[in-house]
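In: the following block contains a protein sequence and its predicted model.
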Amino acid sequence: MIKVVLSFACVLFWSHAAFTQTRLRGKVSDKWYDRVIMAATIKNISKDRMAQSDMGGNYKIPAAPGDIVSFSSAGYTTDTIVVTANMLTASFDVFLARHVIELSIVEIGDLNRYQADSISRREEFNDVLTKRNTKLAGGKGNTPTDGVGITFSPLTFFSKKERNERRFKKMFERQEEELYIDFKFPFDYVSKLTGLQGDSLRSFMLQYRPDYAFCRRSSKADMLLYINDSYRAFMHRESTTDNAGGKKRRER
C-alpha cells in the first residue's frame, strides 16, 4: 500500500514538474517573404521571461495556457498571443509583418525608418558584432608558435562559440542587406505604382526583386524607372503566357 502511495505521489510530482516546465516553441518567419527572422525577441509577459530566436528562426520559451506572449523584431510589427493548450502540443510558428515603408521624402539629417531599425538591431547585438574574430594565424598572444613569428589558435578558431559568432555576423549582415532591399523595394509602394495585388503582386516581387548593390546605388528616380520597366516586362510575359495557353486549348 505504501509503495502504491509513493508511486502515485511520484507520478503527481513528475506530472506537475512537466506542466511547470512546459514550453512554447516554433519558428519566427517573415510574413511576406520566405525567410526566417533570427534574433527576434519573444517575451512571456505573464511570467516576465524572455528569449530570442536562433539563426534558423527557432525559439522556445516557458509558457502555460493563459500566458500572454509577444513576438517582436526591429522592422516588424509586434504580434501578441494568448497561449492555449493546443499551442503547447506542437510547433507554433509565428509570421511577423514588416512595417510598411514607402519611399517618402526624408529631410537631410533625419533618420528614415530603415536606418532607425538598423541602428536598433546593431545596438542590440553590439557585443557580438564589434568583437574581433580570433585569427587562425598571426593572432597576438596565441600559442603555440611555429618559431618564425607566426602563431596558430586552432582550438579557439574552430571552437563552437567562435564558429557560431562568425556565422551570426555573416547572417546578420545578409539579413541587413535583405531588409535594405525591402526598404527600397517595398510591397505597398510597388502595389500603388503597378496596381498589382495578391498572388500577382507576390509573383512580381519575387521575379523582379533587385539585388543589394543596385539598391545601394539607385536613387528614388532610378527605382521608379526600374519598377516601371519591370512591370512592363512582367505584363508582357503574363500576356504571352495567357496567349500561349489559349492557343494550346484551341488546338485541342
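Out: Now that the structure is in, tell me what you want to look at. Numbering: from 1, shown residues only.
In: from residue 36, how far off is residue 176?
Out: 15 Å (Cβ to Cβ, to the nearest Å). For the C-beta atoms, the positions are set from N, CA and C on the backbone; glycine is no exception.
In: that should have said residue 23, apologies.
Out: Taking Cβ to Cβ, one finds residue 23 at 19 Å from residue 36.
In: among these two, which residue is more densely surrounded?
Out: The neighbour comparison of residue 23 against residue 36 (other Cβ atoms under 10 Å) goes to residue 36, with 19 against 12.
In: beta partners of that one?
Out: Taking DSSP bridges as the rule, residue 36 bridges to residue 29.
In: these two touch, right, residue 32 and residue 98?
Out: Yes. Using Cβ atoms under 8 Å as the test, residue 32 is close enough to residue 98 to be in contact (6.4 Å).
In: neighbour count winner among these two?
Out: Each of residue 32 and residue 98 has its neighbours counted (other Cβ under 10 Å); residue 98 has more, 21 against 16.
In: so which bits of stretch 163-175 are buried?
Out: 165, 168, 169, 172, 175 (16 or more other Cβ atoms under 10 Å).
In: residue contacts, the last one?
Out: Contact analysis of residue 175 by Cβ atoms under 8 Å, 6 or more residues apart in numbering lists residue 38.
In: mean confidence for the one helix or strand it maps to?
Out: Remark: residue 175 resides in helix 160-184, with elements defined by DSSP states H and E. Helix 160-184 shows a mean pLDDT of 80.
In: now do stretch 230-244
Out: On average, stretch 230-244 scores 82.
In: please apply the same query to stretch 66-75.
Out: pLDDT averaged over stretch 66-75 gives 89.
In: can you list the buried residues in it?
Out: Counting neighbours by 16+ other Cβ under 10 Å, one finds that the buried residues in stretch 66-75 are 67, 69, 71, 72, 73, 74, 75.
In: between these, which sits nearest residue 92?
Out: residue 69 (9.3 Å; Cβ to Cβ).
In: give the bridge partners for the closest one, please.
Out: With DSSP bridges as the rule, residue 69 is bridged to residue 44, residue 81.
In: so what's it up against?
Out: 24, 42, 43, 44, 45, 46, 61, 63, 80, 81, 82, 83.
In: quick revisit: now tabulate the buried residues of stretch 66-75 in CSV and tack on secondary structure.
Out: Shown next, in CSV, are the buried residues of stretch 66-75 (DSSP: H, G, I helix; E, B strand; the rest coil):
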residue, secondary structure
67, coil
69, strand
71, strand
72, strand
73, coil
74, coil
75, coil
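In: any idea how far residue 170 is from residue 214?
Out: To residue 170, residue 214 is 21 Å away according to Cβ to Cβ.
In: helices of the stretch 1-150 of the chain, start to end?
Out: 2-20, 113-124, 126-129 (DSSP state H, counting those that start in this stretch).
In: among those helices, which gets the worst mean confidence?
Out: Mean pLDDT across the helices of the stretch 1-150 of the chain is lowest at helix 2-20; the value there is a mean of 49.
In: on that earlier part again, for the buried residues of stretch 163-175, which one is nearest residue 91?
Out: Nearest to residue 91 among the buried residues of stretch 163-175, counting by Cβ to Cβ, is residue 175 at 22.1 Å.
In: mind listing what residue 226 touches?
Out: The contact partners of residue 226, taken as Cβ under 8 Å, 6+ apart, are 210, 214, 218.
In: which SSE is it in?
Out: helix 220-251.
In: verify the stated contact: residue 25 with residue 59.
Out: Yes. Between residue 25 and residue 59 there is a contact under Cβ under 8 Å: 6.5 Å.
In: so which of those two has more stuff around it?
Out: residue 59 (25 against 18).
In: identify the bridge partners of the more buried one.
Out: Going by DSSP bridges, residue 59 forms beta bridges with residue 26.
In: can you check the pLDDT for it?
Out: pLDDT for residue 59: 95.
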